[in-house]
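S.K.: let me see the structure of the following:
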Amino acid sequence: MKIIKLLLPIIFIITACSTKDQFKVEGKIENAKGKQLYFEKLGLATSYPIDSVKLTDKGEFSFKGDRLNQPTFYLLNLPSSGLITLLLDSIETVKVFADADNFAGGYKIRNSIGSAYIQILNKQLLKLKSTVGELIKEYNVADKADAKKQQEVINKINDAIDNHKKFIGDFVMDNPRSFASYYALFQRWDDNTMVMNIMDKKDQIYYATVATSLNLLYPESERVKHLYNYVLRAKSEQRKEESWKSVIKNADTSSFPDIVEKNINGEVVKLSSLKGKVVILSFWASWDKTSRSANNSLKSIYNKYHNKGLEIYQVSLDRSKVLWENAIKTDNLPWINVSDLRYTESIPAKEYNVKRIPSNFIFSRKGEVIGKDLYGQRLEEKMRELMK
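M.R.: Take a look at the predicted model:
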């Protein structure tokens, strides 16, 4: 008995220390009886399972882990219902209350400032996606002959995107040392497209601000290193662009450089990969009425000669992937379409000294440019000549 009495205080101290050195996530999920809830750690490229629990009719759950040395992203994953992203720190005891029927959109968070910030950012992004989605529907039903109406809708879409970017910019400047700002900078429209653009100098200021601030606090963090190197690479690319400008300014198109850009699915497609085919290299933009009209003419030529060895490699001077992708699907464009989403600062357009859109170059099967800015009957005649 004396030994037990001596051991009890020691056990209590060990237990107390153990509790203080852990974080905890607990809460309750309504309407989730029998469902499996997964607790995952979010890495740079994927998430890693940590623990899981089968929910009872009470819907209660509890997960815990060792003290965090830096703010870390975790997920509550309820398959078929969605994800809740958490930003946890140190030894927080975070409480989450949700309903399986509106898991990702209607949850409540307690005792975690970082997680509350993430929720705010996600709600703003969902609001933006909803607004842009409705505007795209409005654009698609507008009379194609009413260019003024369509341009008004495009302006509204761009304003909505710019307003969201301003929200992110303000958030970052208010919270430069928060990993929530890192999260804000990497918000995505989809798997392939981020809302902010590191190559846009206005956006780049925010990336650099967060990278510098977090590097002072967490220089060994994998995420901080990733962000810091991401900014350095972007600045390096911009320096290369500046050095090209003097060459591009007076360049002709005698060298015909390769183009290596991504399509709407994020896949890299090289212009040089089409060697051996007759190629129409076309420059356009979803917001340009003349370009859209020229695409209609291109369709008949493509349909007529594609099986005989014709390919169209089209470069868009868009800045919004949403509008670019919508135009491709709405106009049913079947050929290769790529863009660096830099608007009038498009690198391929500069390399080919494109001064206006639409614009095109005609390549023979040997890769020689044998025509430029041919449209209508002239383009049809050239195709007949090449496809004999």
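S.K.: off-centre distance for stretch 326-340?
M.R.: 18 Å (CA atoms, centre = their mean, to the nearest Å).
S.K.: export only the CA atoms of the helix or strand containing Gln204, formatted as PDB.
M.R.: In this assignment (DSSP states H and E), Gln204 forms part of helix 201-217. The C-alpha coordinates for helix 201-217 follow below in PDB (Å, rounded to 0.1, in the frame of the first residue of the first chain):
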ATOM      1  CA  LYS A 201       3.800  41.200 -60.000                       C
ATOM      2  CA  LYS A 202       0.900  42.600 -58.000                       C
ATOM      3  CA  ASP A 203       0.100  39.100 -56.600                       C
ATOM      4  CA  GLN A 204       3.800  38.300 -56.200                       C
ATOM      5  CA  ILE A 205       4.100  41.000 -53.500                       C
ATOM      6  CA  TYR A 206       1.900  38.900 -51.300                       C
ATOM      7  CA  TYR A 207       3.800  35.700 -51.900                       C
ATOM      8  CA  ALA A 208       7.100  37.400 -51.100                       C
ATOM      9  CA  THR A 209       5.600  39.000 -47.900                       C
ATOM     10  CA  VAL A 210       4.500  35.700 -46.500                       C
ATOM     11  CA  ALA A 211       7.600  33.900 -47.500                       C
ATOM     12  CA  THR A 212       9.800  36.400 -45.800                       C
ATOM     13  CA  SER A 213       7.700  36.600 -42.600                       C
ATOM     14  CA  LEU A 214       7.300  32.800 -42.200                       C
ATOM     15  CA  ASN A 215      11.000  32.200 -43.000                       C
ATOM     16  CA  LEU A 216      12.000  34.300 -40.000                       C
ATOM     17  CA  LEU A 217       9.800  32.200 -37.700                       C
END
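S.K.: packing partners of it?
M.R.: Identification of packing neighbours for helix 201-217 by 3 or more CB pairs under 8 Å, 6 or more residues apart in numbering; DSSP states H and E yields helix 147-174, helix 179-185, helix 222-249. All C-beta atoms are positioned from the backbone trio N, CA, C, and that covers glycine.
S.K.: and of those helices, who's closest to Ile328?
M.R.: Closest approach to Ile328 among the helices and strands packed on helix 201-217 is made by helix 147-174 (15.3 Å; CB to CB).
S.K.: what packs against the closest one?
M.R.: Counting by 3+ CB pairs under 8 Å, 6+ apart, helix 147-174 packs on helix 113-141, helix 179-185, helix 201-217, helix 321-330.
S.K.: buried deepest among the helices and strands packed on helix 201-217, which one?
M.R.: Most buried of the helices and strands packed on helix 201-217 by mean neighbour count (mean count of other CB atoms under 10 Å) is helix 179-185; its value is a mean of 24.
S.K.: re earlier: can I get the helices and strands packed on helix 147-174 in TSV with distance to Glu92 and mean pLDDT?
M.R.: Shown next, in TSV, are the helices and strands packed on helix 147-174 (distance: least, CB to CB, whole Å; pLDDT from 0 to 100):
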stretch	distance to Glu92	mean pLDDT
helix 113-141	9	93
helix 179-185	13	97
helix 201-217	17	94
helix 321-330	36	90
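S.K.: just put those in a markdown table and tack on distance to Lys20.
M.R.: As requested, the helices and strands packed on helix 147-174 are exported to a markdown table (distance: least, CB to CB, whole Å):
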| stretch | distance to Lys20 |
| --- | --- |
| helix 113-141 | 20 |
| helix 179-185 | 23 |
| helix 201-217 | 22 |
| helix 321-330 | 47 |
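S.K.: just to revisit the earlier point, please name whichever of the helices and strands packed on helix 201-217 is nearest to Tyr117.
M.R.: Proximity to Tyr117 (CB to CB) singles out helix 179-185 among the helices and strands packed on helix 201-217, at 3.7 Å.
S.K.: measure how far the closest one is from the centre of its chain, please.
M.R.: The chain centre lies 14 Å from the centre of helix 179-185; the measure is CA atoms, centre = their mean.
S.K.: just to revisit the earlier point, the helix holding Gln204 vs helix 147-174, what angle?
M.R.: On the basis of axes from the mean of the first three to the mean of the last three CA atoms, to 10 degrees, helix 201-217 is oriented at 20 degrees to helix 147-174.
S.K.: buried stuff in helix 201-217?
M.R.: Across helix 201-217, burial judged by 16 or more other CB atoms under 10 Å covers 203-204, 206-211, 213-215.
S.K.: thinking again about what came up before, ok, which of the helices and strands packed on helix 147-174 comes nearest Leu298?
M.R.: helix 321-330 (12.7 Å).
S.K.: check which helices and strands that closest one sits against.
M.R.: In terms of contacts (3+ CB pairs under 8 Å, 6+ apart), helix 321-330 is packed against helix 113-141, helix 147-174.
S.K.: what does the helix or strand just after that helix contact?
M.R.: Counting by DSSP H and E, the next helix or strand C-terminal to helix 321-330 is strand 336-338. Residues outside strand 336-338 that contact it (CB atoms under 8 Å, 6 or more residues apart in numbering): 259, 261-264, 269, 311-316, 324, 328, 348.
S.K.: Phe23: which of these is nearest?
M.R.: Nearest to Phe23 among the contacts of strand 336-338, with distances taken as CB to CB, is Lys262, at 38.8 Å.
S.K.: what number of residues lie near the closest one?
M.R.: 16 (other CB atoms under 10 Å).
S.K.: identify the residue spatially nearest to it, adjacent ones excluded.
M.R.: In space, and not counting its chain neighbours, Lys262 is closest to Val268: 5.6 Å by CB to CB, 6 or more residues apart in numbering.
S.K.: could I get the contacting residues of the one you found?
M.R.: Residues counted as contacts of Val268 (CB under 8 Å, 6+ apart) are 260-262.
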